[in-house]
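Student: I need the structure of the sequence given here:
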Amino acid sequence: MTTEAPEAEAAIKLAPGHFRVIALLMVSAFTVILNETTMTIALPTIMTDLGITETTGQWLTTAFMLTMAVVIPTTGYLINRLGTRNAYILAMAVFTAGTVLGALAPTFGVLVGARVVQAMGTGIMMPLLMTTIMTIVPPQIRGKIMGNITLVIALAPATGPTMSGIVVDLAGWRAVFAVVAPVALLVLVAGLVWIRDVAEKELQPIDPLSVPLSLLAFGGVVWGLSQLGESGDEASLVSPYVPLSVGVVMLGVFVWRQIARQRTDSALLDLRTFRSRNFRIAVGIMAIAMIAMFGAMILLPLVLQDAMGYSPTLAGLVVLPGGLAMGLLGPVVGRLYDKVGPRPLMLPGLAGVTLAVALLATINVGTPPWLVVTAQLVLMVGLSFTFTPLFSSAMGDLEPHLYSHGSATINTVQQVAGAAGTALFVALMTIRSTTMTDAGASDAEALTGGARLSFTVGAIIVATAILLASRIKRVEGGAAH
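Tutor: You can find the predicted model right below:
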């Protein structure tokens, strides 16, 4: 036994070259995901500068989410086909081009186009990071490394509004793109030097029918959900129920097509990942957690600025402590996962998320900043104790050839659930606010009243995830126990 110990110890060390690749992928993923939430704070300034309405301006966020929802389901195929290096270069080159275009955009239409191009690169990066970690990191330390993903999925979108608010106040909305562009270009050059393929490429041809089905299915669902909160707006040319209905129907057809193609291992998105019990449960919890996270991220800046009179910078700073805590806790939670497994972390984590959303359901015009900061902090800490065990348990229970499809599925669910959370929270807020305004309440009172209803319903939804978390099994060496 003593002779095997050094070998066992050596087996769980990450090679220096692999560590460098993962570090670069994390920096790149952080850079691209950061942009997903920068427009929330910058939108009022963009509306004034380009002379657009709020409904039109929301397309900066909607177009980004819509493009992500269309691109991500294809990433399992793209990563297997292109390999790690080419997929990385494609993602960062496209993202950098979109960022430069955004900084120079002369009109709102071009700006939306720039966001679409950015989203194309963003959609590839996160699945690429997760697939690479699962491929090159030994199972014994996978939780520790996977914990660093929290830096990306939490810290990046959480700090996006803060960064955006400070930059917009100092130099205008174009500077938001100008600050990110050099960083994107730098990591692209570093990738050209450092990134190498970490797995064999698969040369199977793409299914020509699955691509348009994916576009109609996920694009329709996300478009419909993202517009659902504004269904009462007369400026809307198409009822949100039209794309939503088309998306749901096409989603059924897409699933049928993938099941048929799986028989020849040629599915665009291999759904055999759902044969894993851990994966199924984790995806369900992920959807619920993302509804809470995106709903809070959309509503809080709106309430803080429009109802409580905060500046963009102050609104961004209020949500910053929670984002920092979540990101910094990621590696710690990852190491704990390797020792104790998922349930001892996820159950208190989800309880904290429920408590935080319930606390936000008490918000009003006179709520002190410290209470909002505390609620946001508890929310993000709870999510930190949830996401790392989710990723590790879900992906670790899959066979290696399904890693890329599993990461694509998880990231697709994140986008759809994010859109659903946004739609649900905004719709409830709009309905309640309208009722209160008609009853004579001030705009600020009506807005906070609508937010209270949204967060109350959100707390109830999140509470259901606690039951699901109790069924997650620990994964060791690629199998659930």
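Student: which secondary structure element contains Ala178?
Tutor: helix 174-194 (DSSP states H and E).
Student: what comes up buried for that helix?
Tutor: 174-181, 183-185, 187-188, 190-191, 194 (16 or more other C-beta atoms under 10 Å). For the C-beta atoms, the positions are set from N, CA and C on the backbone; glycine is no exception.
Student: quick one, what contacts the residue lying closest to Arg174 once chain neighbours are set aside?
Tutor: Excluding the flanking residues, the one nearest Arg174 by C-beta to C-beta, 6 or more residues apart in numbering is Ala103, at 5.3 Å. Applying C-beta atoms under 8 Å, 6 or more residues apart in numbering, one finds that Ala103 lies in contact with 174-175, 177-178, 181.
Student: from the chain's centroid, how far away is the helix or strand containing Ala103?
Tutor: If you go by DSSP H and E, Ala103 is part of helix 75-104. Centre-to-centre, helix 75-104 and its host chain are 17 Å apart (C-alpha atoms, centre = their mean, to the nearest Å).
Student: that older thread, just the contacts of Ala103 now: which is nearest Ala292?
Tutor: In terms of C-beta to C-beta, no member of these lies closer to Ala292 than Phe177, at 29.1 Å.
Student: who are the contact partners of the closest one?
Tutor: By C-beta under 8 Å, 6+ apart, the neighbours of Phe177 are 99-100, 102-103, 114.
Student: just Thr132 next, same as before
Tutor: Thr132 makes contacts with 21-22, 25, 84, 198, as judged by C-beta under 8 Å, 6+ apart.
Student: pretty sure Leu359 is touching Leu371, no?
Tutor: Yes: Leu359 lies in contact with Leu371 (C-beta atoms under 8 Å); the separation is 7.4 Å.
Student: and the contacts of Thr132, which is the shakiest by pLDDT?
Tutor: Minimum pLDDT for the contacts of Thr132 is recorded at Val198 (74).
Student: that one looks like it's in a helix, true?
Tutor: No: Val198 sits outside any helix when classified using DSSP: H, G, I helix; E, B strand; the rest coil, being coil.
Student: what's the local residue count around it?
Tutor: Val198: 17 surrounding residues under other C-beta atoms under 10 Å.
Student: ok, it touching Ile136?
Tutor: Yes: between Val198 and Ile136 there is a contact under C-beta under 8 Å: 5.1 Å.
Student: need the residues touching each of the two.
Tutor: Taking C-beta under 8 Å, 6+ apart as the contact rule, Val198 and Ile136 both touch 18, 21.
Student: tilt between the strand or helix carrying His405 and helix 75-104?
Tutor: Assessed by DSSP H and E, His405 sits inside helix 403-438. Per axes from the mean of the first three to the mean of the last three C-alpha atoms, to 10 degrees, the angle that helix 403-438 makes with helix 75-104 is 50 degrees.
Student: and helix 403-438, average pLDDT?
Tutor: Here the average pLDDT along helix 403-438 is 83.
Student: quick one: contacts for Thr99?
Tutor: 35, 114, 118, 177, 180-181, 184.
Student: now those in JSON lines, with distance to Thr45?
Tutor: Converted to JSON lines, the contacts of Thr99 look like this (distance: C-beta to C-beta, whole Å):
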{"residue": "Asn35", "distance to Thr45": "16"}
{"residue": "Ala114", "distance to Thr45": "16"}
{"residue": "Gln118", "distance to Thr45": "19"}
{"residue": "Phe177", "distance to Thr45": "13"}
{"residue": "Val180", "distance to Thr45": "17"}
{"residue": "Ala181", "distance to Thr45": "19"}
{"residue": "Ala184", "distance to Thr45": "22"}
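Student: of those, which is the nearest to Asn80?
Tutor: Gln118 (24.0 Å).
Student: can you tell me how far that closest one sits from Ala63?
Tutor: 10 Å (C-beta to C-beta, to the nearest Å).
Student: more neighbours: which of these two?
Tutor: Gln118 (28 against 21).
Student: check contacts around that one.
Tutor: 32, 35, 64, 94-95, 98-99, 102.
Student: closest to Val211 out of these?
Tutor: Checking the contacts of Gln118 against Val211 with C-beta to C-beta, the nearest one is Val94 at 17.2 Å.
Student: against Met120, how distant is that closest one?
Tutor: Counting by C-beta to C-beta, the gap from Val94 to Met120 is 5 Å.
Student: swap in His405?
Tutor: Taken as C-beta to C-beta, the span from His405 to Met120 is 19 Å.
Student: show me where pLDDT drops low in the stretch 201-350 of the chain?
Tutor: 229-237, 312 (pLDDT under 70).
Student: on that earlier part again, got the contacts of Phe177 as CSV, with pLDDT and distance to Gly418 columns?
Tutor: Below are these laid out as CSV (pLDDT from 0 to 100; distance: C-beta to C-beta, whole Å):
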residue, pLDDT, distance to Gly418
Thr99, 94, 21
Val100, 94, 26
Gly102, 91, 21
Ala103, 91, 25
Ala114, 93, 21
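Student: test my guess that Ala469 contacts Met286.
Tutor: No: taking C-beta under 8 Å as the definition, Ala469 is not a contact partner of Met286, at 11.1 Å.
Student: so for these two, which sits in the more crowded spot?
Tutor: Between Ala469 and Met286, Ala469 has the larger neighbour count (other C-beta under 10 Å), namely 25 against 22.
Student: now the phi/psi pair for the more buried one, please.
Tutor: In terms of degrees, to the nearest 10, the main-chain angles of Ala469 are phi -60, psi -30.
Student: excluding covalently adjacent residues, which one is nearest to it?
Tutor: Nearest one to Ala469, counting by C-beta to C-beta, 6+ apart, is Met346 at 4.2 Å.
Student: so what's that neighbour up against?
Tutor: Contacts of Met346 (C-beta under 8 Å, 6+ apart): 285, 385-386, 389-390, 469, 472.
Student: residues in contact with the closest residue to Ala375 other than its chain neighbours?
Tutor: In space, and not counting its chain neighbours, Ala375 is closest to Leu359: 4.1 Å by C-beta to C-beta, 6+ apart. Contacts of Leu359 were listed using C-beta under 8 Å, 6+ apart, and they are 371, 374-375, 378.
Student: and which of these is nearest to Gln227?
Tutor: Of these, the one sitting nearest to Gln227 (C-beta to C-beta) turns out to be Ala375, at 28.2 Å.
Student: before we move on, what SS does that closest one have?
Tutor: Of the three states, Ala375 takes helix according to three-state DSSP.
Student: okay, it: pLDDT?
Tutor: pLDDT, Ala375: 90.
Student: ok, now Thr2?
Tutor: Reported pLDDT for Thr2: 41.
Student: ok, back up a step: compare His405 and Met120 (neighbour count), which wins?
Tutor: The residue with more neighbours, out of His405 and Met120, is His405; 27 against 19, by other C-beta under 10 Å.
Student: list the contacts for the more buried one?
Tutor: Applying C-beta under 8 Å, 6+ apart to His405 gives the contacts 76, 267, 269-273.
Student: export the residues you listed to TSV and tack on distance to Ile298 and secondary structure?
Tutor: Listed next are the contacts of His405 as TSV, based on distance: C-beta to C-beta, whole Å; DSSP: H, G, I helix; E, B strand; the rest coil:
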residue	distance to Ile298	secondary structure
Gly76	28	helix
Ala267	33	coil
Leu269	27	coil
Asp270	32	coil
Leu271	30	helix
Arg272	34	helix
Thr273	29	helix
